[in-house]
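K.L.:
give me coordinates for this.
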Amino acid sequence: MSTLLLSHPVCIQHAPPEGHPERPDRLRAIDKILAHEAFDGLIRENAPLGRREDILRAHSEDYVHMIEQSVPETGLERLDPDTWMSPKSLEAALRAVGAGSRAVDAVMNLEVNNAFCAVRPPGHHAETRRAMGFCLYNSVAIAAHYAREAYGADRVAVVDFDVHHGNGTQEIFWSDSDLFYGSTHQMPLFPGTGEVSETGEGNIFNAPLSAGDDGERFRDAMRSRILPALDAFEPELVIISAGFDAHHRDPLASLQLTEEDFVWATLNLMDVASRHCDGRVVSMLEGGYDLQGLASSVAVHVQALMRGTDKAEAPAGDED
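P.N.:
As a prediction, this is how the structure comes out:
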């Protein structure tokens with residue numbers, strides 16, 4: 001398997017207030033573990049800047065203008081109770097968008113089998129006209145629309161295993177039956193969406209979990225609801241909203257997943273992609289706020305993308 005890793009140093013310069021969980025150290029921890037020799041086979045590129053015209057396929061003109069005008073010259077600008085911008089936040093968000101577009105190019109043109117985008121800020125809470133939940137631009141939704149516009153992909157799927165429901169992706173996809181959104185997430189929990197009854201045009205598949213649920217409950221939810229629906233959808237591209245805050249160490253939620261559960265989910269999503277779209281998978285980082293849990297989970301996720309086997313293991317890392 002060939003795997004493209006996309007990131008950019010400016011993503012570390014997006015700097016919310018001191019003590020904010022979505023902090024630059026998240027990417028530093030990922031960069032450190034992906035520097036291990038186990039990842040020498042990765043194809044590494046700096047993410048390009050995302051294009052405004054691509055962003056406008058998922059967000060309104062007024063919203064994009066607001067984000068552009070909210071960049072502070074110094075200090076911080078608060079967009080909602082959880083979501084902040086610093087002087088480099090807009091460029092970081094544009095690099096996240098550009099990573100998604102470049103990853104789509106790479107897999108659709110068969111340059112690589114799959115791609116992982118180690119970028120921040122995350123994106124899946126950003127709605128058409130609203131920033132929230134640490135997110136500015138919804139990079140996965142933009143990437144899905146880009147795949148359709150640039151490559152004529154009729155059916156694009158996003159599967160989200162972040163512990164928080166991706167309300168933004170759901171809202172953007174809601175009325176488009178050719179876009180699939182499937183999510184496992186803890187409920188009740190921020191942002192409060194994600195009931196099974198939320199189905200859009202029959203293209204939305206939510207599988208909520210309860211506080212304390214472990215990997216077996218997570219796998220049951222994937223087996224019973226997400227994976228069969230994804231298989232029936234027959235995607236031409238699979239995009240993963242790869243949040244790792246369902247890990248048992250994470251401070252913002254109460255699911256009990258381990259690294260092995262993320263490997264299992266990754267391999268099963270790759271299996272669907274292998275049946276329907278020549279294995280084309282784009283994975284984009286979302287949440288994950290315990291540095292050790294995040295780094296080790298990203299490591300096994302990326303190894304699974306690289307190997308396509310069930311033998312992915314986390315390299316030894318620091319405790320924090």
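K.L.:
now the strands for the stretch 51-200 of the chain?
P.N.:
77-80, 83-85, 114-117, 156-160, 179-186 (DSSP state E, counting those that start in this stretch).
K.L.:
including mean pLDDT, could the ones you listed go into CSV?
P.N.:
Converted to CSV, the strands of the stretch 51-200 of the chain look like this (pLDDT from 0 to 100):
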stretch, mean pLDDT
strand 77-80, 97
strand 83-85, 98
strand 114-117, 98
strand 156-160, 98
strand 179-186, 98
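K.L.:
let's have those strands in CSV, adding mean neighbour count and distance to G202.
P.N.:
Heads up, the C-betas are built off the backbone N, CA and C, glycines and all. As requested, the strands of the stretch 51-200 of the chain are arranged in CSV below (neighbours: other Cβ atoms under 10 Å; distance: least, Cβ to Cβ, whole Å):
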stretch, mean neighbour count, distance to G202
strand 77-80, 15, 31
strand 83-85, 23, 31
strand 114-117, 28, 28
strand 156-160, 29, 14
strand 179-186, 26, 10
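K.L.:
nearest to L34, out of those?
P.N.:
strand 114-117 (8.9 Å; Cβ to Cβ).
K.L.:
partner strands of that closest one, with direction?
P.N.:
Applying DSSP bridges to the sheet, strand 114-117 is found paired with strand 3-7 (parallel), strand 281-285 (parallel).
K.L.:
on that earlier part again, tabulate the strands of the stretch 51-200 of the chain (a markdown table), appending distance to R23.
P.N.:
Below are the strands of the stretch 51-200 of the chain laid out as a markdown table (distance: least, Cβ to Cβ, whole Å):
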| stretch | distance to R23 |
| --- | --- |
| strand 77-80 | 16 |
| strand 83-85 | 11 |
| strand 114-117 | 18 |
| strand 156-160 | 22 |
| strand 179-186 | 21 |
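K.L.:
closest one to S7 among the ones you listed?
P.N.:
strand 114-117 (7.3 Å).
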